[in-house]
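Engineer: quick one, structure for this:
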Amino acid sequence: MSFQNPVFIPGPTNIPESLRKACDMPTIDHRSPLFGKILHPARKAVQTILKSDSAEVFIFPASGTGGWETALTNTLSEGDSVLVARNGMFSHRWIDMCQRFGLNVQIVDVPWGKGIPADRYEEILTADTGHKIKAVLATHNETATGVKSNIAAVRDAIDAAGHPALLFVDGVSSIGSMDFQFDAWKIDVAVTGSQKGFMLPAGLAIVGFSAKAMAATETAGLHRTFFDVHDMAKGYANNAYPYTPAVGLMNGLNESCKMLLDEGIENVFARHTRIAEGVRAAIGAWGLNLCAETPDLYSDTVSAIRTPEGFNATDIVTHAASTYGVAFGVGLGEVAGKVFRIGHLGSLTDVMALSGIATAEMCMVDLGLDITLGSGVAAAQEHYRHGSKIEQKVAAQ
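Structural biologist: Next comes the predicted model:
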């Protein structure tokens with residue numbers, strides 16, 4: 001691999017130089033008011049990026065998986081029922097965690113390439129007249145398949161059923177890159193991590209809790225220590241953590257949020273959409289299809305590209321790394337060997353995206369696929385020349 005080339009995996013993403021410098025800071029007393037000047041602005045800025053006026057933001061030294069555990073252990077008790085669709089590797093992993101905690105998991109199996117079936121959720125919740133289901137889990141952007149689900153529709157399904165279940169949303173590969181509306185969608189717990197849209201190294205689990213979720217913490221019976229939000233809240237009140245925080249990453253998060261908000265969060269979303277549409281134009285020019293089955297499901301942060309039957313898509317990823325020093329994502333789980341993934345989120349520009357498209361194209365030609373060299377690049381160029389005209393301050397600067 002080459003450190004000079006951008007990565008095109010769906011996380012961790014490229015780190016702007018200014019954020020690398022923000023993380024590289026001298027040691028400070030993490031129990032002093034100085035740390036509070038890093039902590040509190042970062043929490044407030046995350047709240048803004050979530051489009052919330054009220055979400056209680058907690059930031060743990062962990063990854064998105066730690067955020068999942070925070071959501072479950074602080075709000076639920078052993079034996080509680082949860083409803084979740086399995087439509088990709090990351091929803092599958094959340095299901096596995098629920099089962100390990102002794103939760104009763106009602107699974108709606110969905111073909112990989114489809115989104116969450118809100119209508120099926122509504123049927124199940126309507127039938128649950130005893131309100132045994134305590135939480136509905138939804139993966140907003142399934143990173144393994146490049147499928148974006150409609151969280152507003154999930155909320156509508158819960159409301160139509162008149163059900164009091166909490167709504168937990170995995171926004172690990174969407175928050176900070178795609179439109180995410182904590183308040184409007186009445187989300188109770190949102191989960192993300194530092195290494196995706198926030199353009200930082202992995203190491204921070206970032207969660208937002210609604211007032212309803214915070215109320216649920218008072219009766220939750222699952223055990224937690226490291227991920228206890230009450231301990232964390234007590235620490236925050238004193239400009240501190242209940243244990244040693246990742247100060248450098250926290251400083252980086254503060255600067256990352258400033259960068260996103262300075263660009264303008266709607267401009268950030270528009271940039272991701274434009275770059276993604278250019279990648280999709282290239283895929284169409286290659287004569288290939290996405291794993292996501294319909295345009296309403298297309299993710300603006302990652303494209304999972306199906307290769308012809310009998311071709312091992314992983315070979316493209318391996319060849320790109322060994323020959324050109326560029327990283328793409330492999331297929332996971334049920335789509336392993338059937339797709340390769342181009343991540344197009346975080347610190348990325350049209351020009352950077354073109355380099356990834358060109359590399360993927362060279363790899364496919366090298367490996368004998370019937371691809372015309374230059375076809376995908378030209379299609380993306382045409383889109384980027386005539387795409388969105390929204391003025392932006394590029395996050396990579």
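Engineer: list the buried residues of the longest helix along the chain.
Structural biologist: When secondary structure is assigned using DSSP state H, the longest helix within the chain turns out to be helix 265-286. Within helix 265-286, the residues that qualify as buried by neighbour count (16 or more other Cβ atoms under 10 Å) are 265, 267-283, 285-286. C-beta coordinates here come from the backbone N, C-alpha and C atoms, glycine included.
Engineer: before we move on, what about stretch 239-252?
Structural biologist: Neighbour-count burial for stretch 239-252, with 16+ other Cβ under 10 Å as criterion, is recorded at N239, A240, Y241, P242, P245, A246, V247, G248, L249, M250, N251, G252.
Engineer: hmm, back to that, elements contacting the longest helix of the chain?
Structural biologist: Counting by 3 or more Cβ pairs under 8 Å, 6 or more residues apart in numbering; DSSP states H and E, the packing neighbours recorded for helix 265-286 are strand 289-290, strand 302-306, helix 350-366, helix 375-386.
Engineer: one more time with 6 Å, if that's ok
Structural biologist: Other helices and strands packing on helix 265-286, by 3 or more Cβ pairs under 6 Å, 6 or more residues apart in numbering; DSSP states H and E, are helix 350-366, helix 375-386.
Engineer: and of the buried residues of stretch 239-252, the nearest to Q195?
Structural biologist: Of all the buried residues of stretch 239-252, the one with the least separation from Q195 (Cβ to Cβ) is L249, at 9.9 Å.
Engineer: can you check what angle separates the host helix or strand of that closest one from helix 265-286?
Structural biologist: Counting by DSSP states H and E, the element that carries L249 is helix 247-263. Between helix 247-263 and helix 265-286, the angle formed by their directions is 90 degrees, by axes from the mean of the first three to the mean of the last three Cα atoms, to 10 degrees.
Engineer: from the opening residue of stretch 115-135 to its closing one, how far?
Structural biologist: As for stretch 115-135, its first-to-last residue distance stands at 19 Å under the measure Cα to Cα, to the nearest Å.
Engineer: likewise for stretch 5-25?
Structural biologist: Counting by Cα to Cα, the length from the leading to the trailing residue of stretch 5-25 is 25 Å.
Engineer: show me what counts as buried in it.
Structural biologist: Counting neighbours by 16+ other Cβ under 10 Å, one finds that the buried residues in stretch 5-25 are 5-16, 18-19, 22-23.
Engineer: got the buried residues for stretch 182-191?
Structural biologist: Counting neighbours by 16+ other Cβ under 10 Å, one finds that the buried residues in stretch 182-191 are F182, W185, K186, I187, D188, V189, A190, V191.
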